[in-house]
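Asks: what's the 3D shape of this:
(one chain, ligands or ions: 1)
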Amino acid sequence: MLSLYSCSTCGKMILVVQDGDGTLVCHDHPMTRVEEKSSDAGKEKHLPVIEKTPAGIRVKVGSVPHPMEKEHYIKWIEVIGDTFLYTATLKPGEKPEKEFFLGNLSGQVKKVRINCNVHGIWANKS
Ligand SMILES: [Fe+2]
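Replies: Just a heads-up that it's a prediction; the model follows:
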C-alpha cells in the first residue's frame, strides 16, 4: 500500500493507495515500482529527520540540509500513518523542511518519505 511507480520514459510517478492485480502502463510499457532508499552513504544527506513541535512534527531533509537549487532539490515530503497521509510540496529556494500540524496523530507516524529530483525516493521508518 502507498507504493510508488514511475515511467522510465517520461518520469511520471504514481502513488497507489490500494493494490490490485493489474499492471500499470505508461508509454506502452509497465511502470516500475520505485524502491525507497534508507541509508545515506554519500556527501548529500536525504534521510528525513523528524523533530517534535508543539503542534505536530517538523521534517528536515538530511542531517545536513539538502540543496534546494533549481537543478537539484527536494520535490515533496510525505508523512504516513495507518489512518493518514500528508504531503507537502517544496520549491527551489525554500528550506528543505516542513512542519506538519498533526495534533494527537503525531505519535502515530509510521514512515516519512521524500523525493529528491536527482537521487530519488528516501524513507525513514519509525
Ligand atoms: Fe539529492
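Asks: which sections of the protein are below the confidence cut-off?
Replies: 125-126 (pLDDT under 70).
Asks: interface residues of it facing the ion?
Replies: Proximity of the chain to the ion is confined to Cys116, Val118, His119 under the rule C-beta under 5 Å from the ion. C-beta: built from backbone N, CA, C; applies to glycine.
Asks: what about the second one, which helix or strand?
Replies: It stands for Val118. Using DSSP states H and E, no element contains Val118; it sits outside every helix and strand.
Asks: Hmm, Lys70 and it touching each other?
Replies: No: contact between Val118 and Lys70 fails when scored by C-beta atoms under 8 Å: they sit 11.5 Å apart.
Asks: State the three-state secondary structure for the spatially most central residue of the chain.
Replies: In the chain, the centroid-proximal residue (C-alpha atoms, centre = their mean) is Ile114; its distance is 2.3 Å. Look at Ile114: counting by DSSP: H, G, I helix; E, B strand; the rest coil, its state is strand.
Asks: thinking again about what came up before, may I see the residues of the chain next to the ion arranged in CSV, with neighbour count and distance to Thr87 as well?
Replies: Converted to CSV, those look like this (neighbours: other C-beta atoms under 10 Å; distance: C-beta to C-beta, whole Å):
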residue, neighbour count, distance to Thr87
Cys116, 21, 15
Val118, 10, 20
His119, 15, 19
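Asks: Any chance of TSV for the residues you listed, columns distance to Gly62?
Replies: Formatted as TSV, these follow (distance: C-beta to C-beta, whole Å):
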residue	distance to Gly62
Cys116	9
Val118	13
His119	11
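Asks: wait, which of these is closest to Met1?
Replies: Taking C-beta to C-beta as the measure, Met1 lies nearest Cys116 of the residues of the chain next to the ion, at 22.7 Å.
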